[in-house]
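Peer 1: Following is a predicted model, sequence given first.
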Amino acid sequence: MLFTRKTRFLLGLLLLLFIVPAVSIAQDTPTSTEILWDTWGVPHIYAPDNDGLFYGLGWAQAQNHGDLILELYGQARGRAAEYWGEDYLADDQLTRTLGVAQDAEAQYAALSDEWRGYLESFVAGINDYAAEHADQIVDDREAVLPIVPTDIIAHGIRVLRWTFTAGRGVAAASQWADNQINLSGSNAWAIAPSRSANGNAMLVANPHQPWSGAGLWIEAHLVAPGVNVYGAALVGGPTLGIAFNEHLGWTHTVNTHDGWDLYELTVSDDGSTYLYDGEQVAFETSDETILVKQADGTLMETPITVRRSVHGTILAQREDGSAIAIRAVGANSFAAAQEWWEMGLAQNFEEFQAAVSNVRIPMFTMMYADQDGNIMHLFNEIVPRRSEGDWDFWNNTTLLDTSNPAILPGDTSTYVWDEADHLSFDELPKLINPTSGWLQNANEPPWTTTYPYEIDAADYPAYISPAPYVWPRPITSMRLLYDDESITFDELVEYKHSTFIELTNWVLDDLIAAARESDSEVVLQAADVLAGWDRQANADSVGAVLFVAWANAYISPNGFASFSTPWDYNDPLNTPRGLADPEAAVAALEEVADGLESLRVLGAGMDVPYGDVFRLRFGDVDLPANGAEDLLGSFRTLTFAQDTDLRFRPTQGDSYIAVIEFSDPIRAQVLLSYGNSTQPGSPHMGDQLALFAEKELREAWLTREQIEANLENQVVFEGR
């Protein structure tokens, strides 16, 4: 039928009069799930219900990280060697020994119908993407398909319980030697209206995750009735772990927690029993077979025997017959995903506290801010209620020294705690709306979250966390906030990008003075380079490479013994100070200066600009870096590994970054340092590194209008 212009006008008028309200509702509540991909590769998922959101997030993860998440799920099954060969055998042996697959089955069986439905929707999104875009998935990863809900739970157990929560214990027990596992750090800030120039609370999220594997983030935005949350999920996970909505937000740092213990068992000669409370108790044993793919495609069987005691899984055995068992909290790791989901649904401080009050996330400091002006630092962790002793008795480690963890006697029940009996939410260290107007954490114990101090370690069990201690980065964090009584949003972004080396306040003047007493020409040259340095780790900073090399040669092996004046809890911003051994410090300077002068393959010696040596490399991107390792106290933190050309590439550090002002409307700037995809050929692999190099963030697009103005692609799932 043809319509005249007048007829079309009348029809249009009728639509405006009678149908506009329905159209408005339909826009707010879409009938089908859709993903709007913005030009940074961020999926904005709009859905008519929660199942649609989980489906869309599964699809988005498969599109952005399909090869990686299939590898991670294969590892979580303990079958990676079966799919990809012997390089994965040791990982499979550990995953099977820890019983990850069995625990995943048990957790899935205990889920509500609602959460089973969410997981089924999430895996359906992954599987549907892989089926429709098989050409985008590398061939050998397809062996893992189809994904099932227990894969998601097993992945969470492997990452959250056995990597984050008990990773140090697993590594120490497996090696029965020095523990060199490098867990992630992070920075977190919350600013109250009293300290904010605009009178609004502000939050800074700055996790320092690995730039590969299970530590990667995917940035996403979820919108459905009752849901509007923006943030980042660890790849492979079904919920956002760091996020904000229109009313509130939170972030995490790795905290000084003790959610695991190691026990030494006295084992009988035949290895079948162990001594426990004066009796010989039989191990629980099970035999498993791991299939290992060979070069010709055949599968070889590798048998393992898993042993468990009342303490937990046996991870190692000495030649004298004694064995090490590990016990860890977080048996129900998937409960953490449920808690994160509920946190994102909260509309105010009371609802947020209700979401976190059951303490289901086994570790991580929690930093919070909201539109009503509330801020909170919660030392969130599942802390077993222990029988006696302090931190050193039970753990004997810090984030600075994990080399000699405590090993408890396993022949008595005295030290075997009840997994269900842990400190409650009300018993955990927390600080709400401090007098100072600011909160910070840079992975140190909770006692220094603000200054002047407002949490007293004496009010809590001695085993909950180490006594107060800091290193350069936490002091940088405290100083930046302490020195500014009226912080603007732009200043907060600027502070976030600070590359000032706090360690220079402690020792540089003494080092230069001692070096100028030397009769060595190279040492005198080094003193001049250091004296002219801007004390930053910027790309053009000359002297930073020399100082980094010296700090690794002198400070790293000596730790706090490096300083003549130790850190003083009562004067945290002005201590430590000075060199304990100036002669040794100068000797170390001479050694590294000689090394840099003799190298010169990078076009300069000790005066080489920092960015010529330290690079931002991810995918095909290669840019000069700024930021430095944790030891030096740069708030912009990067951990580097040496590359084949002797330069350095980041392996960990600033990853997902968000600076949020809880104004009306909310304001947020974000960055995912390495980009939002790892799929080969994706334009979003490393596409945000140019902003990183320029110390810039990007606006978070939070409204449909903003997203559509910056739209790269759109996909609609009819009926979802």
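Peer 2: Yep, it's here. Residues are numbered from 1 along each chain as shown.
Peer 1: can you map out the helices along the stretch 201-350 of the chain?
Peer 2: Listed in chain order, the helices of the stretch 201-350 of the chain (DSSP state H, counting those that start in this stretch) span 334-345, 349-356.
Peer 1: Now the first one: buried residues?
Peer 2: Translated: helix 334-345. 334-344 (16 or more other C-beta atoms under 10 Å). All C-beta spots, glycine's among them, are computed from the backbone N, C-alpha and C.
Peer 1: need the helices of the stretch 201-350 of the chain in a markdown table with distance to Ala420 and mean pLDDT, can you?
Peer 2: Formatted as a markdown table, the helices of the stretch 201-350 of the chain follow (distance: least, C-beta to C-beta, whole Å; pLDDT from 0 to 100):
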| stretch | distance to Ala420 | mean pLDDT |
| --- | --- | --- |
| helix 334-345 | 13 | 98 |
| helix 349-356 | 19 | 98 |
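Peer 1: Just put the ones you listed in a markdown table and tack on distance to Leu428.
Peer 2: Formatted as a markdown table, the helices of the stretch 201-350 of the chain follow (distance: least, C-beta to C-beta, whole Å):
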| stretch | distance to Leu428 |
| --- | --- |
| helix 334-345 | 14 |
| helix 349-356 | 10 |
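Peer 1: for the ones you listed, which one sits closest to Tyr415?
Peer 2: Nearest of these to Tyr415, taken as C-beta to C-beta: helix 334-345 at 25.4 Å.
Peer 1: which residues touch the closest one?
Peer 2: 107, 111, 115, 153, 156-157, 160, 222, 226-227, 229, 231, 237-241, 243, 245, 250, 330, 351-352, 355-356, 358, 360-362 (C-beta atoms under 8 Å, 6 or more residues apart in numbering).
Peer 1: beta partners of the most centrally placed residue in the chain?
Peer 2: By C-alpha atoms, centre = their mean, the mean C-alpha position of the chain lies nearest to Gln209, the distance being 4.2 Å. Counting by DSSP bridges, Gln209 forms beta bridges with Gly653.
Peer 1: and the gap between the closest residue in space to Asn228 that isn't next to it in sequence and Gln347?
Peer 2: Residue nearest to Asn228 in three dimensions, not counting chain neighbours: Asn245, with 5.5 Å by C-beta to C-beta, 6 or more residues apart in numbering. As judged by C-beta to C-beta, to the nearest Å, Asn245 and Gln347 stand 8 Å apart.
Peer 1: quick one: which of the two has more around it?
Peer 2: For Asn245 and Gln347, the more surrounded residue by other C-beta atoms under 10 Å is Asn245, and the numbers stand at 21 against 14.
Peer 1: quick one, what contacts the more buried one?
Peer 2: Counting by C-beta under 8 Å, 6+ apart, Asn245 has contacts 228-230, 344, 346-347.
Peer 1: possible to save these as JSON lines with distance to Asn570?
Peer 2: Converted to JSON lines, those look like this (distance: C-beta to C-beta, whole Å):
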{"residue": "Asn228", "distance to Asn570": "45"}
{"residue": "Val229", "distance to Asn570": "41"}
{"residue": "Tyr230", "distance to Asn570": "41"}
{"residue": "Gly344", "distance to Asn570": "40"}
{"residue": "Ala346", "distance to Asn570": "38"}
{"residue": "Gln347", "distance to Asn570": "41"}
